[in-house]
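Participant: I'll drop the sequence and a predicted model, then ask my questions.
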Amino acid sequence: MEKAQRAGSVLSANEAMLWRAWKRACDVVTGRVAREIAEATGLSDPDHAVLTLLVDLGQGTLRQQDLANAMAWHKSRLSHHLSRMEQRALVRRRQTKANTVFVAITPLGRRTLRAARPVHTNAVRSQLIARVPRAERTLFMSLLVRLTTE
């Protein structure tokens, strides 16, 4: 039993190599895309995600809790980030009487997101899509969906 537990507690060389390759690919691709957006617009990757979700999921306004859920962030982490975005006039928050906080994109946030979208599109295409052979994209997508399905 002890030997079986030890064997299962450490990744094999191939498993470790797969894990490191996965982590590196995620970090490199997302880092490249984020860098291109930041250089073009000044938005960080989380800034871009917040603005995109506000527009795509809420047509510009979402409950703060729904935004936190969509980003898979703890509400305090999102709250701190939104405070920084409010200081830069990208979003604004308002609280209702029912203690519900709504987050809305500002006109500056919309203009900045509008400038970021073509940069994001081109970066995703060059850093990810173009690097996956067309014949393998369906398989690649099915593997990614499998990894994110519970």
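Facilitator: That came through fine.

Participant: from H48, how far out is P118?
Facilitator: Plainly put, P118 is 13 Å away from H48 if you go by Cβ to Cβ, to the nearest Å. Every C-beta, even on glycine, is put in place using the N, C-alpha and C of the backbone.

Participant: find the nearest non-adjacent residue to A89, please.
Facilitator: For A89, ignoring the flanking residues on the chain, the nearest one in space by Cβ to Cβ, 6 or more residues apart in numbering is L108 at 4.9 Å.

Participant: what about the one you found, distance to V28?
Facilitator: With distances defined as Cβ to Cβ, the gap from L108 to V28 amounts to 31 Å.

Participant: go on, R125?
Facilitator: Here the distance between R125 and V28 works out to 16 Å (Cβ to Cβ).

Participant: swap in W19?
Facilitator: Spatial separation of W19 from V28 under the definition Cβ to Cβ is 15 Å.
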